[in-house]
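1. below are the sequence and a predicted model for it; my questions follow.
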Amino acid sequence: MAASALLGVPTAPASAAACPDVEVIFARGTTEAPGVGGIGQSFVDDVRSRVSPKSVGVYAVQYPASTDFPTGVIGIGDASAHIQNTAANCPNTRIVLGGYSQGAAVMGFVTADAIPAGSPPGAPSPMPASVADHVAAVALFGKPSPKFMAAVEEPTVTIGPLYADKTTDLCVPGDPVCSDGGSVANHGRYVPTGLVDQAATFVAARV
């Protein structure tokens, strides 16, 4: 999940008329089907309900989301390219970044202001500082802990300073991915515990 040179294909420029008021860019968790995933969809639905009548666009980060964790780098590149494209072509759109599990690590790395130590040669440069002005909020669910990242031999996920104050980093107590807990079932309990709802409220106050 560390950064790499794989940036994917940049998205096509958006026309001003097509620019939504808010765009949620979300990276799904490991083994979830392509799209934003279950927790991602609940988050999008909750955000829409809170910011209506504002329009909300959605972009699902494209990456394998497999147990081959280094391939998370594909998501870092895809998300970075799409965020920068949106900021350039839809300057009035308020961007919301989100991710669950491995996707939370992907989006955390996207915010970094430096290439993490331990990244492979050719790691991509961080996004320009000016892009942060277009990002209203970041919502991370079950972001892998330093212990988890060390176990998969990847750098610790650190939120960049330009994004830290606009980030909500949520972990269900006992979730072994983001804490020292041992309940695997808790890793999937972000909706019933109300943390997805909490994140949507956080986002709505910022867009």
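-> Perfect, thanks for sending it.

2. just the helices in this structure please.
-> Listed in chain order, the helices of the chain (DSSP state H) span 37-51, 72-89, 102-110, 146-151, 195-204.

3. could you identify which of the ones you listed is most buried?
-> Ranked by average neighbour count under the criterion mean count of other C-beta atoms under 10 Å, the helices of the chain are headed by helix 102-110 at a mean of 30. For every residue, glycine as well, the C-beta is placed using N, CA and C.

4. hmm, who's touching that one?
-> In this structure, residues lying in contact with helix 102-110 by C-beta atoms under 8 Å, 6 or more residues apart in numbering are 1-3, 25-30, 37, 40, 61, 63, 65, 69, 72, 75-76, 79-80, 83, 97-99, 116, 127, 138, 140-144, 149, 154, 157-159.

5. so which of those belong to strands?
-> Using DSSP state E, 25, 26, 27, 97, 98, 99, 138, 140, 141 are the members of those that sit in strands.

6. give the buried subset of the contacts of helix 102-110 as a PyMOL selection command.
-> A single PyMOL command is used to select the members of the contacts of helix 102-110 judged buried by 16 or more other C-beta atoms under 10 Å:
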select buried, resi 1+2+3+25+26+27+28+29+30+37+40+61+63+65+69+72+75+76+79+80+83+97+98+99+116+127+138+140+141+142+143+144+149+154+157+159
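
7. so residue 27 sits right up against residue 77, yeah?
-> No - taking C-beta atoms under 8 Å as the definition, residue 27 is not a contact partner of residue 77, at 11.7 Å.

8. overlap in contacts, these two.
-> Counting by C-beta under 8 Å, 6+ apart, nothing touches both residue 27 and residue 77.

9. gap between the two ends of stretch 144-160?
-> Length of stretch 144-160, first residue to last, C-alpha to C-alpha, to the nearest Å: 16 Å.

10. mind checking the pLDDT average for it?
-> Stretch 144-160 comes out with an average pLDDT of 94.

11. how far does it sit from its chain's centre?
-> With C-alpha atoms, centre = their mean, to the nearest Å as the basis, stretch 144-160 stands 15 Å off its chain's centre.

12. quick revisit: minimum distance to residue 171: which of the helices of the chain has it?
-> Nearest of the helices of the chain to residue 171, taken as C-beta to C-beta: helix 195-204 at 8.3 Å.

13. could you export the closest one as CSV, CA atoms only?
-> What follows is helix 195-204, C-alpha atoms only, in CSV (Å, rounded to 0.1, in the frame of the first residue of the first chain):
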residue,chain,number,x,y,z
LEU,A,195,-19.5,5.6,13.0
VAL,A,196,-20.5,5.9,9.4
ASP,A,197,-23.4,8.2,10.5
GLN,A,198,-20.9,10.2,12.6
ALA,A,199,-18.5,10.6,9.7
ALA,A,200,-21.3,11.8,7.4
THR,A,201,-22.2,14.5,10.0
PHE,A,202,-18.6,15.5,10.2
VAL,A,203,-18.4,15.9,6.4
ALA,A,204,-21.7,17.7,6.1
